[in-house]
Every structure is written in structure tokens, then in C-alpha cells.
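In: Test case, fold it:
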Amino acid sequence: MSLPEPGTKVAFHWRKWDGSKHWEHECVYLGSDEWGQWLGQRVGWRSFRPGRDMLLTAPSVSLMPAGRTDHVLTVNAPPQRTRIYIDIAWDVSWRDGTPTAIDMDLDVVRRVDGTLFIDDEDEWAEHSELYGYPADVMAELERTTRELKERVGAHEPPFDEAVPDGWLRRLDELRELPKSHTHL
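Out: Prediction:
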């Protein structure tokens, strides 16, 4: 797998199970550690999907976990209310130098105040019928969701403060990169 050099801008492409476009995040590749590959987003960078386009108001870092293709961890800096947001996913991978994943609806969320919950279970149920998620995939991802919620609640690395804060500092220390552009 050929990865970009740290400091290289990339676009993280999300899609749905049927291949349709979902979120696209304007990111910079930060590097890797024992936990996997880290990406960052700065204030003013874009995240968009059909029907929604936004500019970030706080920096964040995302982790594509080593040896796993079933979730992506995002950690937000203040002033965001959500500290940890884990997208349950399928096929998290690099394709031609681009990070990609299939969004599988379920999310594990920990707010700054410590509130911890699984989000979008209604969407999971609806989309499992709409897209025809295979039963074995559903069982595996439901197990993954419960496991991740437990690990986030226990503040295990990399779901603690120290690991992602180190990557947020690295993002802050990068040379200045363009804020946003129309085509990634």
C-alpha cells in the first residue's frame, strides 16, 4: 500500500452500501502510529455530501485503524460538543492514494460531557432493508459497535485523550495549507 507523504492533502470518500456518494472530507494525511493511519481537518475545510455542505468550525483528526476495516474514529477539538465520533463502516481502505469507506449508519458517540451512546440505530434498521445488508455483515458490525462503545467508555487508547491530542497537535504544527477549494 502506497501512502501519501505526511502533510499531503487528500479527500476522504465515503459511499453507501449501494455505491452512491456520501460524505467527502477535505483532509491532510498526518502519518501513522501503532493505531493506524491518521488524517486531519482544519478549521475552514469542507465536509460535504449530497444535500449538505459545511465548513469545519473546529479541527479534528480521524483514524483508519490498523488491521481493521470496520470503523473510522474521529476526534474533535473544542468547541465541538462531540469529542468522539466513530463511524461504523465497511471496507475502510486506501484506493489509489485516497482513503475510502462504506458508511454503515451506526455510530458510537461520546460527548464532551461524557454522555456515551450509539446513534442512528433507526437508520441502520431502515437501510438494512433498503440496501439488503447481509446478515453476517450486520451481526459482525453490531458486535463491533458494542465492543467500541465499551472501549470508548473505558477511555482505552486510542479512545483516550492523549493519543488523539498528540495528533491534533501535529495537525496544528503543520505548515499552512490552503483552507478549501471547490474540487478536491
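In: Any stretches of the protein with poor pLDDT?
Out: Along the chain, the model assigns pLDDT under 70 to residues 1, 176-184.
In: Would you map the helices across it?
Out: Shown for the chain, the helices assigned by DSSP state H span residues 121-131, 135-153, 162-173.
In: can you list these in CSV and add distance to Asn76 and mean neighbour count?
Out: All C-beta atoms are positioned from the backbone trio N, CA, C, and that covers glycine. What follows is the helices of the chain, written out as CSV (distance: least, Cβ to Cβ, whole Å; neighbours: other Cβ atoms under 10 Å):
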stretch, distance to Asn76, mean neighbour count
helix 121-131, 21, 14
helix 135-153, 14, 15
helix 162-173, 9, 16
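In: got the ones you listed as JSON lines, with distance to Arg95 columns?
Out: Formatted as JSON lines, the entries for the helices of the chain read as follows, by distance: least, Cβ to Cβ, whole Å:
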{"stretch": "helix 121-131", "distance to Arg95": "20"}
{"stretch": "helix 135-153", "distance to Arg95": "20"}
{"stretch": "helix 162-173", "distance to Arg95": "23"}
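In: looking at these, which is closest to Val43?
Out: Between Val43 and the helices of the chain, the tightest spacing by Cβ to Cβ is seen for helix 162-173, at 10.3 Å.
In: Now do the closest one: which elements does it pack against?
Out: For helix 162-173, the helices and strands in contact under the criterion 3 or more Cβ pairs under 8 Å, 6 or more residues apart in numbering; DSSP states H and E are strand 21-33, strand 36-41, strand 60-65, strand 71-76.
In: which residues are contacting that helix?
Out: Residues outside helix 162-173 that contact it (Cβ atoms under 8 Å, 6 or more residues apart in numbering): 28, 30-31, 33, 35, 38, 40, 42, 59-61, 63, 73, 75, 77, 157-158.
In: could you list every residue that touches Asp105?
Out: Taking Cβ under 8 Å, 6+ apart as the criterion, Asp105 is in contact with Ile88, Asp120, Glu123, Trp124, His127.
In: Quick check: closest non-adjacent residue to the last one.
Out: Distances taken as Cβ to Cβ, 6 or more residues apart in numbering place Asp105 nearest to His127, at 5.3 Å, with adjacent residues excluded.
In: next one: the fourth one
Out: Across the structure, with Cβ to Cβ, 6+ apart as the measure, the residue nearest Trp124 apart from its sequence neighbours is Asp105 (4.3 Å).
In: that older thread, which one of the helices of the chain lies closest to Ala101?
Out: helix 135-153 (12.5 Å).
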